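# Predicted model follows, preceded by the sequence.
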Amino acid sequence: MILLIMGVSGCGKTTLGEKTAEGLKIDYFEADKFHPSANIEKMASGIPLNDADRWPWLALIREKAAEYQAAGKSAVITCSALKESYRQYLGEGLTSPLEWVYLKGSFEVIESRMSSRKGHYFKAEMLKSQFADLEEPEYGLILNIEDPLEEKVQILLDRFKGRS
């Protein structure tokens, strides 16, 4: 099972992904770690990524998911996966469908969270571009980012425990 937690930057993907992977006793991968340095430099300069920047990054994430499925292993991956075309691409060629979790929240709440976040290259000013690109999924599990972290983790553990 590959559980993919998606949403705009600052919605809490990383924390939820780490806690869920820990609870399920499976590996965790943060998609930001797959960005080439050129993408990180671009975002750190306040320049939003475009599709040309994102496709090679998405290919690396899909390769990791395929590698885990081929080895019969499970993982939690967090990735913005903002557009439907990105989500379709991420699932192409996999032996079983990705399990999607969408962390949904308002621009105002996420902007407030990002303003207090330190040490991350993605700045709150670029959040508008993420919301502009976001095509909300009409499938998978949708969780409200304002619900307590422990509650969201428990929902995922209840739903996916025994499937990993």
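Structure's in. What do you need?
# from here on, contacts and neighbour counts on C-alpha atoms
Will do.
# Show me where this structure has its strands.
Shown for the chain, the strands assigned by DSSP state E span residues 2-6, 27-30, 75-78, 99-104, 141-144.
# residues making contact with the second one?
Residues from elsewhere that reach strand 27-30 (Cα atoms under 8 Å, 6 or more residues apart in numbering): 14, 17-18, 21, 74-79.
# With the last one instead?
Contacting residues not belonging to strand 141-144 are listed as 100-105, 152 [Cα under 8 Å, 6+ apart].
# Equivalent analysis for the fourth one, please.
Identification of contacts with strand 99-104 by Cα under 8 Å, 6+ apart yields 1-7, 11-13, 137, 139-145.
# where does the protein have low pLDDT?
119-124 (pLDDT under 70).
# and the longest helix for it?
Secondary structure of the chain per DSSP state H: the longest helix is helix 51-70.
# Tell me how many other residues crowd residue 138.
9 (other Cα atoms under 10 Å).
# That one and residue 54, how far apart?
Separation of residue 138 from residue 54 (Cα to Cα, to the nearest Å): 22 Å.
# before we move on, the earlier item: which parts of the longest helix of the chain are buried?
Within helix 51-70, the residues that count as buried by 16 or more other Cα atoms under 10 Å are 57-58, 61-62, 64-66, 68-69.
# go on, stretch 16-24?
16-21, 24.
# Go through those and name the one nearest residue 39.
The closest of the buried residues of stretch 16-24 to residue 39 turns out to be residue 17 (Cα to Cα; 22.2 Å).
# Hmm, residue 76 and that closest one touching each other?
Yes. In this structure, residue 17 is within contact of residue 76 by Cα atoms under 8 Å, at 6.2 Å.
# returning to that earlier point: if any of the contacts of strand 99-104 are buried, give me the PyMOL selection for them.
Buried members of the contacts of strand 99-104, defined by 16+ other Cα under 10 Å, are picked up in PyMOL with:
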select buried, resi 1+2+3+4+5+6+7+11+12+13+137+142+143+145
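# So which residues of this protein form helices?
Using DSSP H, helices in the chain cover 13-24, 37-44, 51-70, 84-91, 107-115, 127-133, 149-160.
# Please identify the buried residues of the last one?
Within helix 149-160, the residues that qualify as buried are 152-153, 156-157, counting by 16+ other Cα under 10 Å.
# same deal with the fourth one?
Residues of helix 84-91 classed as buried: 86-87, 90-91 (neighbour count, 16+ other Cα under 10 Å).
# Thank you, goodbye.
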